[in-house]
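Q: No letters, just coordinates:
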């Protein structure tokens with residue numbers, strides 16, 4: 001099986017991809033989406049979204065990073081896909097799943113699922129222009145308001161020549177509300193004839209197994225679950241292979257939290273700590289220590305304050321471990 005890391009706008013950036021793939025278990029990741037309108041982006045834009053282009057389109061751990069494009073104009077989607085491929089992107093991913101209202105109002109993301117032929121035309125335009133050696137993948141939801149058009153959407157994407165398809169098992173109207181309807185994916189596997197990846201509401205290894213069983217897919221994509229449990233990809237792989245792996249403790253994760261803050265969360269005085277707080281909000285689902293630290297830093301806005309809070313938290317947790325082991 002393969003485990004893929006989902007693209008999450010404003011969350012899974014270059015620093016987060018490096019961190020998570022460094023922990024192991026991920027076979028591929030995807031950039032945040034590049035919003036395509038009516039022009040070709042210069043090289044610096046693709047470099048900003050994917051600094052991995054400077055190291056062969058892979059993270060330091062060697063995980064391929066596909067560049068994701070979001071837009072509705074077949075011509076300009078194809079033009080930008082070709083440019084990304086020329087710069088060394090190992091694959092192009094097309095976003096038809098984004099549920100954000102601002103994106104949908106601009107004729108992008110999941111709103112296009114209401115028109116399966118338009119989706120297919122975009123996939124076909126990109127596939128026809130990008131070198132055949134470069135994978136062209138698509139990410140969709142079950143539909144916009146419901147899943148009544150799912151079969152038409154999938155059939156069009158397959159016929160257009162997509163290499164793979166990832167299906168987030170909820171509609172746009174479902175948003176991110178549980179449950180994910182993995183069984184809906186199984187209905188279209190017979191017409192897919194390409195690898196299909198199940199995505200949505202996979203928070204632990206049991207969820208991954210259930211998603212595989214209900215969807216009929218072998219491969220899964222992790223989004224919020226990867227942020228809540230950073231070594232989840234490795235855990236899923238280990239369970240699938242009937243092997244053992246160390247489950248990371250909070251103090252090990254804390255090292256990653258501090259590294260993330262140092263590398264990615266101090267660039268603007270106005271937003272210092274925002275991404276770290278956002279990540280802690282996910283981590284506290286899995287770790288009590290993350291909940292404690294989140295409440296310590298949530299009101300802090302200075303680099304020194306946050307660094308001091310992290311260090312104090314580390315000292316308190318270390319003392320707690322010593323007492324518990326005594």
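A: Here it is on my side, so go on. Quantities reported herein were computed from a predicted structural model and do not represent experimental measurements. Residues are numbered from 1 along each chain as shown.

Q: contacts, neighbours, all on C-alpha from now
A: Fine.

Q: Distance check, residue 309 against residue 173.
A: Separation of residue 309 from residue 173 (Cα to Cα, to the nearest Å): 39 Å.

Q: what about those two, which has more around it?
A: Set side by side, residue 309 and residue 173 show more neighbours around residue 309, with 17 against 13, by other Cα atoms under 10 Å.

Q: SS state for the more buried one?
A: helix (DSSP: H, G, I helix; E, B strand; the rest coil).

Q: again, but for residue 198
A: strand.

Q: Neighbours of it, how many?
A: 30.

Q: Please name every helix or strand in contact with the helix or strand where residue 262 lies.
A: Using DSSP states H and E, residue 262 sits within helix 250-264. Counting contacts by 3 or more Cα pairs under 8 Å, 6 or more residues apart in numbering; DSSP states H and E, helix 250-264 is packed against helix 14-23, helix 274-283, helix 303-325.

Q: residues in contact with the longest one?
A: For helix 303-325, the surrounding residues in contact (Cα atoms under 8 Å, 6 or more residues apart in numbering) are 251, 254, 258, 266, 272-273, 293, 296-297, 300.

Q: next one: the second one
A: Counting by Cα under 8 Å, 6+ apart, the neighbours of helix 274-283 from elsewhere in the structure are 11, 224, 227-229, 257, 260-261, 265, 290-291, 293-294, 297-298.

Q: the inter-axis angle of the helix holding residue 262 versus helix 274-283?
A: Orientation check (axes from the mean of the first three to the mean of the last three Cα atoms, to 10 degrees): helix 250-264 against helix 274-283 gives 160 degrees.

Q: Could I have the PyMOL command that selects the buried members from the contacts of helix 303-325?
A: Restricted to buried positions by 16 or more other Cα atoms under 10 Å, the PyMOL selection for these reads:
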select buried, resi 251+254+258+266+272+273+293+297+300
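
Q: Least confident of the contacts of helix 303-325?
A: Least confident of those in the model: residue 266, at 81.

Q: which residues sit in contact with the closest residue to that residue other than its chain neighbours?
A: Distances taken as Cα to Cα, 6 or more residues apart in numbering put residue 272 closest to residue 266, at 5.0 Å, once the chain neighbours are dropped. Residue 272 is in contact with 265-266, 301-303, counting by Cα under 8 Å, 6+ apart.

Q: Filter those residues down to the buried ones.
A: 265-266, 302-303.

Q: Can you give me the neighbour number for residue 20?
A: 25.

Q: Now do the same for it: its pLDDT.
A: Value for residue 20, per-residue pLDDT: 97.

Q: mind listing what it touches?
A: 226, 230-231.

Q: Give me the pLDDT value at residue 238.
A: What the model reports for residue 238 is a pLDDT of 95.

Q: Perfect, I'm done here.
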